[in-house]
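Enquirer: sequence and predicted structure are below.
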2 protein chains.
Amino acid sequence: MAASRAEDGHLYGVIMAGGRGTRFWPASRHGRPKQLLPILGDRPLLRLAVERLLPLVPPERILIVTGADLASAVKSIVPELPKENLLLEPEGRNTAPCIGWAALHLRQRAGDPVMAVLPADHLIRDAVEFRRLLEAAAAWAEKGDRLVTLAIRPAYPETGYGYIDLGACCGHVRSVPVHRVAGFREKPDRVTAESFLRAGTFFWNSGIFVWKTSTILKAIQEHLPGLHQGLQGLQKALSKGRADEAKRLFRQLQAISIDYGVIEKAEAVYAIQAAFGWDDVGSWAAVYDQISKDARGNASRGDLIALQSTGCLVDAPDKLVALVGVQDLIVVDTGDALLVCRRDKSQQVREIVEVLKRERGGQCL
Amino acid sequence: MAASRAEDGHLYGVIMAGGRGTRFWPASRHGRPKQLLPILGDRPLLRLAVERLLPLVPPERILIVTGADLASAVKSIVPELPKENLLLEPEGRNTAPCIGWAALHLRQRAGDPVMAVLPADHLIRDAVEFRRLLEAAAAWAEKGDRLVTLAIRPAYPETGYGYIDLGACCGHVRSVPVHRVAGFREKPDRVTAESFLRAGTFFWNSGIFVWKTSTILKAIQEHLPGLHQGLQGLQKALSKGRADEAKRLFRQLQAISIDYGVIEKAEAVYAIQAAFGWDDVGSWAAVYDQISKDARGNASRGDLIALQSTGCLVDAPDKLVALVGVQDLIVVDTGDALLVCRRDKSQQVREIVEVLKRERGGQCL
């Protein structure tokens, strides 16, 4: 049974790889975003996302939605992907247009398959468990009008994530319990996050969704009718080969997240509890937490000499780095830029990007 | 009177520029030592040392003693120096051989001029006062068998300098009081340094000496007879154009400092009190102290964006540097190496150089 979803041809993977995250500057740039970087090891996050899926979904059924300017980089990272499986956005319009477009594309191409929507830039440690739960979610979604999400069992009271409040268990699929979703909660403050953990019903929103193509299109039609109409026009232009018109229409689509625009408003939303070592790798500090470190808590890509220095992450692959008497720093060197940041301030790296946009004419972006 | 020493042709400047200081890594390297670097501004320290002297001593009377491998760099920094004024050591043998060689060279060339021995890599803020005192020292030294040093009025209880204990004033020259030297003291501990300051008679040893050529040669003969003999052989080989033999002989000279080997043992040592903003610029922290800083105490050579960061020195001329939430760091980037060091640990940069020698086969040295 375990491999049946892969073999019956119904499960498609849709990897969202259009992000332009600014928190990994200077390694990440507009044309070289986080998902294309090997920030957790030797392979880019996008490559890890694809490989995690491959035992379950062959390349022919993996779509990657990304920015048009990132196409060649994505192709070189996932060379086994058929050319037509790359959906290229002329600009980022948030997740609802991206997912809607992928759903329309799949409807035209494959009828009404189940699609799993997956972020390209997250960490999942236990890929076997990930695939087990993804298959269960797909089996549940296939049975009808159901939006399914994988809800991550929280490890600590994180204030940077959205939370999903799980209702009672409403059934099982492949021995996996399924819950109704009672509600969604924005990023909480610390006290609220702690109360969420005590309550025990609140889970992290992973951004991983599974549904039939027809189900999500119907939900978009219901909750974002303007977007639905725009997508129809886009699809029509594309099928007629009118590339410029398609670009123009895409740029007019409502820029809104699938969570806010659809999922949080929909009725039949289900969640499967997941515990497979998930992290959204949202900052250099998160990278530090996830990668292996030496006895003094230092981690380095490249040649490092550390004297009286502890707790540092160094990403400077092309040079020798020496640390003397420093603690808990992020040090990232590229050819043209260097970041030295207190580890617990690494969320503020995005402010550097703002300064570059505002005051430096886009230098090093 | 003030310019007479410069005009009568008797004062020579001997700039010692053979150091291989390791505390300015990664900017300084074996083949690019501190005195050749513009670490205090836009000109190398050696250039500053020459320019400080030029109003008093023309290029024809300035000798520079340096390593043979540094010759072309030194020439490009001091293009006005006649070729024959560059004395090239085949290897560093400390200051006594260097000064002895320069003295022999001058005796052969100019009879018995007064020579001022000057380190190439120190900071002197008040060049006018420096020249005033140098002229006074030269006038005092010319009168006979006198070794004269400029003793720096201590600004704080530094433990990294040697001290000179000044005896009573024994006369004046050009209205400048001259003292007998009562003794020399090695680098003191903190408590001792504080007692030195309270005593008021202890001054920093600047390494600036003034004497007649015959006087220092006689003192070397008396206190380091082996070195004196070796220098005679060296001079003979050089005058006969036997370069290889001269190199071999130089390498056999006793490697000892002029302070320890001669001055501290000599009788007729005099000191002139000096207060002209002197610093030996012995570490990155000293550079930080001496250069101009912005309102948050950051100093940078190159493009810097500092968020919530204070007290940092950044030397990375070829790239954009961003600091986030860090305090009191030294950040030095070269093409092949990067140093991140707590400012109050910058003396330990030399340990990095030791590690490179010991464990990395001389990489980045």
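Expert: Everything's here; your move. Residues are numbered from 1 along each chain as shown, chains lettered A, B, ... in the order given.

Enquirer: how is residue A:172 assigned, secondary-structure-wise?
Expert: For residue A:172, the assignment made with DSSP: H, G, I helix; E, B strand; the rest coil gives strand.

Enquirer: for the spatially closest residue to residue A:87 that is not a sequence neighbour, give me its contacts.
Expert: Closest residue in space to residue A:87, ignoring its immediate chain neighbours: residue A:65 at 4.4 Å, by Cβ to Cβ, 6 or more residues apart in numbering or on different chains. For the C-beta atoms, the positions are set from N, CA and C on the backbone; glycine is no exception. By Cβ atoms under 8 Å, 6 or more residues apart in numbering or on different chains, the contact set of residue A:65 is A:14, A:15, A:16, A:17, A:18, A:87, A:88, A:89, A:98, A:101, A:102.

Enquirer: show me what residue A:212 is bridged to.
Expert: Counting by DSSP bridges, residue A:212 forms beta bridges with residue A:114.

Enquirer: in the stretch 101-250 of chain A, which residue sits nearest chain B?
Expert: Nearest to chain B, among the residues of the stretch 101-250 of chain A, is residue A:160, at 17.2 Å (Cβ to the nearest Cβ).

Enquirer: buried stuff in the helix or strand containing residue A:271?
Expert: In the assignment (DSSP states H and E), residue A:271 maps to strand A:269-274. Within strand A:269-274, the residues that count as buried by 16 or more other Cβ atoms under 10 Å in any protein chain shown are A:269, A:270, A:271, A:272, A:273, A:274.

Enquirer: ditto for stretch A:333-341
Expert: Buried residues in stretch A:333-341, defined by neighbour count with 16+ other Cβ under 10 Å: A:333, A:334, A:337, A:338, A:339, A:340, A:341.

Enquirer: interface residues of chain A facing chain B?
Expert: Contact residues, chain A versus chain B (Cβ under 8 Å from any Cβ of the partner chain): A:25-26, A:303, A:305, A:307-308, A:316, A:319-326, A:329, A:331, A:333, A:335-342, A:344-346, A:348-349, A:351-352, A:355-356, A:360, A:363-364.

Enquirer: give me the buried subset of the residues you listed.
Expert: Neighbour-count burial within these applies to A:25-26, A:303, A:305, A:307, A:316, A:319-326, A:329, A:331, A:333, A:337-342, A:345-346, A:348-349, A:351-352, A:356, A:364; the criterion is 16+ other Cβ under 10 Å.

Enquirer: what residues are up against residue A:315?
Expert: In this structure, residue A:315 makes contact with A:27, A:39, A:300, A:301, A:302, A:331, A:332, A:333, judged by Cβ under 8 Å, 6+ apart.

Enquirer: name all residues that make contact with the spatially most central residue of chain A.
Expert: In chain A, the residue lying closest to the centroid (Cα atoms, centre = their mean) is residue A:119, at 2.2 Å. Shown in contact with residue A:119 (Cβ under 8 Å, 6+ apart): A:15, A:16, A:19, A:49, A:206, A:207, A:208, A:280.

Enquirer: filter these down to the ones in helices?
Expert: residue A:49 (DSSP state H).

Enquirer: okay if I get the contacts of residue A:119 as TSV plus pLDDT?
Expert: TSV is the format used below for those (pLDDT from 0 to 100):
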residue	pLDDT
A:15	98
A:16	97
A:19	89
A:49	98
A:206	95
A:207	96
A:208	98
A:280	93
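
Enquirer: thought residue A:264 was touching residue A:184?
Expert: Yes. Counting by Cβ atoms under 8 Å, residue A:264 touches residue A:184, with 4.6 Å between them.

Enquirer: name only those of the contacts of residue A:315 that count as buried.
Expert: A:27, A:39, A:300, A:301, A:331, A:332, A:333.

Enquirer: now do the phi/psi pair for the fourth one.
Expert: Going back to what we said before, that points to residue A:301. phi -100, psi 110 (degrees, to the nearest 10).

Enquirer: what's near enough to touch the closest residue to residue A:106 other than its chain neighbours?
Expert: Excluding the flanking residues, the one nearest residue A:106 by Cβ to Cβ, 6+ apart is residue A:213, at 4.9 Å. Residue A:213 makes contact with A:103, A:106, A:107, A:110, A:111, A:112, A:113, A:114, A:115, according to Cβ under 8 Å, 6+ apart.

Enquirer: what count of nearby residues applies to the fourth one?
Expert: What that stands for is residue A:110. By other Cβ atoms under 10 Å in any protein chain shown, 14 other residues sit near residue A:110.

Enquirer: coming back round to it: let me have the buried residues of strand A:269-274 in CSV, extended by pLDDT.
Expert: Supplementary listing: the buried residues of strand A:269-274 in CSV, determined by pLDDT from 0 to 100:
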residue, pLDDT
A:269, 97
A:270, 98
A:271, 98
A:272, 98
A:273, 98
A:274, 98
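
Enquirer: surely residue A:274 and residue A:154 touch.
Expert: No. Residue A:274 is beyond contact range of residue A:154, at 11.0 Å (criterion: Cβ under 8 Å).

Enquirer: joint contacts of those two?
Expert: Common neighbours of residue A:274 and residue A:154, counting by Cβ under 8 Å, 6+ apart, are residue A:203.

Enquirer: what helix or strand is residue A:256 on?
Expert: For residue A:256, there is no host helix or strand (DSSP H and E).

Enquirer: ok, it to residue A:217 distance?
Expert: Distance, residue A:256 to residue A:217, by Cβ to Cβ, to the nearest Å: 16 Å.

Enquirer: any regions of chain A where pLDDT drops low?
Expert: Low-confidence segments of chain A (pLDDT under 70): A:1-9.

Enquirer: for it, what spans make up the helices?
Expert: For chain A, the helices defined by DSSP H cover A:4-7, A:45-53, A:71-77, A:95-110, A:127-142, A:190-199, A:213-223, A:225-239, A:243-252, A:258, A:284-290, A:349-359.

Enquirer: deepest-packed of these, please.
Expert: helix A:258 (a mean of 25; mean count of other Cβ atoms under 10 Å in any protein chain shown).

Enquirer: other residues contacting that one?
Expert: Outside of helix A:258, the residues within contact range by Cβ under 8 Å, 6+ apart are A:95, A:96, A:99, A:117, A:209.

Enquirer: alright, I will stop here.
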